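Student: Sequence first, predicted coordinates after that:
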Amino acid sequence: MIDVLVVDDDFMVAGIHRTFVERVEPFRVVGTANTGEQAIAAVAALRPDLILLDLYLPDMFGLDVIPRLRADGHDCDVMVISASREVESVRRSVRQGVVDYLLKPFDFEDLRPRLERYAAQRTSLLTTVLRGQTDVDRVLTGAGPPAPGVALPKGMSVETAELIRRTLCDTEGTLSASECAARTGISRVSARRYLEHLLDTGRAEVTLRYGAAGRPERRYGWFA
């Protein structure tokens, strides 16, 4: 699981963002905060992996929370979610190492691919063995280059598609959607959607495994 702290000055908005996050596996919201000081205290108590950070907080500017956290030894990642369109806010966010910057207002389909991209990059950081510059680039960007001439359907991210592709390539034999989800850290529904896209574009093949009862299991393999 990827534990998330939602920070927003409006408790109703924080609740909406919480609902959005909890619709994306493997994320779970472990707490919410409405001020900078509450956020700092919550990080110390809950140790989240990721913070969704609003910038317009009642007691301090959101980005001023980050150096406080680093000084206290917390290395959680930060995704800015704000209505601030000032270039300087974006520049400061980049300098402080935020993983993404999403403008309000937004809907679930705007947030979901960003969370999936973050999860894919996190998985790469935990699992990749560095053999050369290509592996370093993949860890830093979350993916290799997209396949030429293949457009992804709406709502899919290049990074997650590349993670699924590499997982399938590195597997001896075949994978079910559930097994692929377990290896990549995304939901079974999302894994199947990406696997079916690889099938539709001729880069994967599917076989059916029949059990004692029920529908046959679809198993995916890389099309060599």
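Tutor: That came through fine.
Student: in stretch 7-21, what's buried?
Tutor: For stretch 7-21, the neighbour count (16 or more other Cβ atoms under 10 Å) marks 7-9, 13-14, 17-18, 20-21 as buried. All C-beta spots, glycine's among them, are computed from the backbone N, C-alpha and C.
Student: Tell me which stretches of this structure form helices.
Tutor: Assigned by DSSP state H, the helices in the chain fall at 11-21, 36-46, 65-71, 87-95, 108-127, 133-141, 158-169, 177-184, 188-200.
Student: Deepest in the core, which of the ones you listed is it.
Tutor: Neighbour counts (mean count of other Cβ atoms under 10 Å) averaged over each of the helices of the chain peak at helix 158-169, with a mean of 22.
Student: quick one on the thing from earlier: lowest mean pLDDT across the helices of the chain, which one is that?
Tutor: Here the helices of the chain differ in mean pLDDT, and the lowest is helix 133-141 at a mean of 67.
Student: L175 touches Y220, doesn't it?
Tutor: Yes: using Cβ atoms under 8 Å, L175 is in contact with Y220, at 5.5 Å.
Student: Domain boundaries for this protein, per the record?
Tutor: In terms of domains, the chain is parsed into 2-106, 129-222 (source: automatic domain parsing).
Student: follow-up on the earlier one: out of the helices of the chain, flag the one nearest D3.
Tutor: With Cβ to Cβ as the measure, helix 36-46 is the member of the helices of the chain nearest D3 (7.0 Å).
Student: who's in contact with that closest one?
Tutor: Contact with helix 36-46 is made by 3, 5, 7, 30-33, 48, 51, 53, 57, 59-62, 64-65, 68-69, 72, 74, 76, as judged by Cβ atoms under 8 Å, 6 or more residues apart in numbering.
Student: Could you rerun that using 6 Å?
Tutor: Applying Cβ atoms under 6 Å, 6 or more residues apart in numbering, the contact partners of helix 36-46 are 5, 7, 30-31, 33, 57, 59-60, 65, 68-69, 74.
Student: which one of these sits closest to R192?
Tutor: Proximity of the contacts of helix 36-46 to R192 (Cβ to Cβ) peaks at V30, which lies at 27.6 Å.
Student: What is the burial count for the closest one?
Tutor: Neighbour count of V30, defined by other Cβ atoms under 10 Å: 16.
Student: circling back to that earlier point, with distance to V158 added, can I get the buried residues of stretch 7-21 in CSV?
Tutor: Below are the buried residues of stretch 7-21 laid out as CSV (distance: Cβ to Cβ, whole Å):
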residue, distance to V158
V7, 28
D8, 29
D9, 33
V13, 29
A14, 30
H17, 24
R18, 27
F20, 21
V21, 22
